[in-house]
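K.L.:
Just a sequence and a predicted model for now, questions to come.
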Amino acid sequence: MASERSLKTTASASIVAMLALAGGAGYFVALASPRLSVLCLLLSIAPAWLLSRCLTRLAPRLSRQESTMATAMTAAPSPTPDEESLRALEACLEHAPIALFRIRNDAEERKVTPLNASARRQLAPGHASEPQRWQQLLAAQPPGQRRLLSFDTERGVERALVAVAALTLQGAPQHLAALMPVESELEAEALNAWRDLVQVLTHEIMNSLTPVASLSRTACDLLADVRALLPHDTHADLATALDAIARRAASLADFVASYRSLSSVPAPQPEAVCLEQLFQRLEALLAPAWQARGGRAEFSVEPASLEVRIDAGQLEQALINLLKNAAEATQGIAAPRVTVSARLSRGARLRIEVRDNGHGVPDTLAAHIFMPFFSTRKQGRGIGLALVRHLAHANGGTLRHARPVGAGACFLLSF
């Protein structure tokens, strides 16, 4: 190898010398010095001879290298049509949007094996909270049926549609399970259904309440005009009844109007939002109220330059609603605390976490807290969390309730 390198170096030097001597000969011809030109040409014979010697010695080696490369190329067999079809099938399987699992019956337990990238993501750290339990649940599904399964993830409880088929490969019976996550689609459909229902109900109820409120106020005015013609007790009873009708109609109209926010949310206007600045505004607005109660509200962004393209007003409103719920959930706590943090999670998704140390959400109510009209407070209307979820979906995100390790509640906004 070293000898070959030296031969190539010598050949390169010979070429350079020949070019230099040829250039010198041309230069002396221009100066009308034929003797010096002839001398340069004679001197160029030596590097030309040396170059020919180097090329003669390099030629067999280059021929052997070309022969070796040709032999290697000839030895490598070209893929057959069956192999190409198999590779194409494997590529389709690997990138299929549905998670595919193979379930084998071993001696003691059923073994679940992921078959493509989507399946491996389902079992990867950061997705299923308990991968082993999720595999056991998947392995227990009977073949020939479709079921909607729920499982715990870092972002809360999610649902997926599972179908299992029985087959026999190489004489061994096994099951093939296909899993399609549908949580986002189900949430979107549920929100659309609730929005349509609220829109119809508020429209019909308001059409009935408006004339009742108007007529009751008119009746109160007419009753005042004929007060002298009626007995005192009769006038008092009528005035009390009409006033109760008017007040109740006005209260119901205000109650129903508050639900219009679920069906009349304007379309988001996305823009680049610096989360550090947005959190500073929220801290200046809400932190003093927490300090007055002997607690604190903490806001953090990692990194500080983190930005997201979103409707700033709607994101701010969603966080205000969550912080308001946290304030109500920490009533009676000696040192109430809420933390709001933003960072990038796996897949470059923005994750905003709102965590408090309040009384938390009971497991029996966790499945209902995002439903409109549902509230555990006496004066609650069941709008706050439903509106937050609606705002999150309108901006391409999701809202989840995550079970915290300690006390309190934790809500996750992902975009």
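P.N.:
Thanks, I have the structure now.

K.L.:
Could you check the pLDDT of residue 62?
P.N.:
Residue 62 is assigned 51 on the pLDDT scale.

K.L.:
now the one 5 residues further on
P.N.:
Here, the pLDDT recorded for residue 67 equals 56.

K.L.:
Tell me the buried residues in stretch 297-307?
P.N.:
297, 299, 301 (16 or more other Cβ atoms under 10 Å). The way it works is simple: take the backbone N, C-alpha and C, and place the C-beta from them, glycine included.

K.L.:
And the contacts of it?
P.N.:
By Cβ atoms under 8 Å, 6 or more residues apart in numbering, the residues outside stretch 297-307 that reach it are 272-276, 279-280, 282-283, 286-287, 290, 323, 337-344, 350.

K.L.:
State the mean pLDDT of it.
P.N.:
90.

K.L.:
C-alpha coordinates for stretch 338-354, PDB please?
P.N.:
In PDB, the C-alpha atoms belonging to stretch 338-354 read as follows (Å, rounded to 0.1, in the frame of the first residue of the first chain):
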ATOM      1  CA  VAL A 338     -50.500  25.900  42.500                       C
ATOM      2  CA  THR A 339     -47.700  25.400  39.900                       C
ATOM      3  CA  VAL A 340     -48.000  26.000  36.200                       C
ATOM      4  CA  SER A 341     -45.100  24.700  34.100                       C
ATOM      5  CA  ALA A 342     -44.500  24.500  30.400                       C
ATOM      6  CA  ARG A 343     -42.000  22.400  28.600                       C
ATOM      7  CA  LEU A 344     -41.500  20.200  25.500                       C
ATOM      8  CA  SER A 345     -42.400  16.600  25.900                       C
ATOM      9  CA  ARG A 346     -41.700  13.600  23.600                       C
ATOM     10  CA  GLY A 347     -42.400  14.200  20.000                       C
ATOM     11  CA  ALA A 348     -41.700  18.000  20.400                       C
ATOM     12  CA  ARG A 349     -45.200  18.500  21.800                       C
ATOM     13  CA  LEU A 350     -45.900  21.400  24.100                       C
ATOM     14  CA  ARG A 351     -46.900  20.200  27.600                       C
ATOM     15  CA  ILE A 352     -48.500  22.700  30.100                       C
ATOM     16  CA  GLU A 353     -49.100  21.300  33.500                       C
ATOM     17  CA  VAL A 354     -51.400  22.900  36.200                       C
END
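
K.L.:
Could you tell me the end-to-end distance of stretch 332-351?
P.N.:
29 Å (Cα to Cα, to the nearest Å).

K.L.:
Now tell me what touches it from outside.
P.N.:
126, 154, 275, 279, 282, 290, 293-302, 306, 308, 319, 323, 326-327, 330, 352-359, 397, 412-415.

K.L.:
could you redo the last one with a cut-off of 6 Å?
P.N.:
126, 275, 293, 295-302, 308, 326, 330, 352-357, 414-415 (Cβ atoms under 6 Å, 6 or more residues apart in numbering).

K.L.:
what do you get for stretch 93-110?
P.N.:
111-119, 122, 139, 174-175, 177-180.

K.L.:
Now a PyMOL select for only the buried ones of those.
P.N.:
Remark: buried members of the contacts of stretch 93-110, expressed as a PyMOL selection using 16+ other Cβ under 10 Å:
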select buried, resi 112+114+115+116+117+118+119+122+139+174+175+177+178+179
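
K.L.:
Inside strands: which ones of the contacts of stretch 93-110?
P.N.:
Among those, the ones falling in strands (DSSP state E) are 111, 112, 113, 114, 174, 175, 177, 178, 179, 180.

K.L.:
Which one of these is nearest to residue 85?
P.N.:
residue 178 (22.1 Å; Cβ to Cβ).

K.L.:
one step back: which entries within the contacts of stretch 297-307 meet the buried criterion?
P.N.:
Using 16+ other Cβ under 10 Å, the buried members of the contacts of stretch 297-307 are 273, 275-276, 279, 282, 286-287, 290, 323, 337-340, 342, 350.
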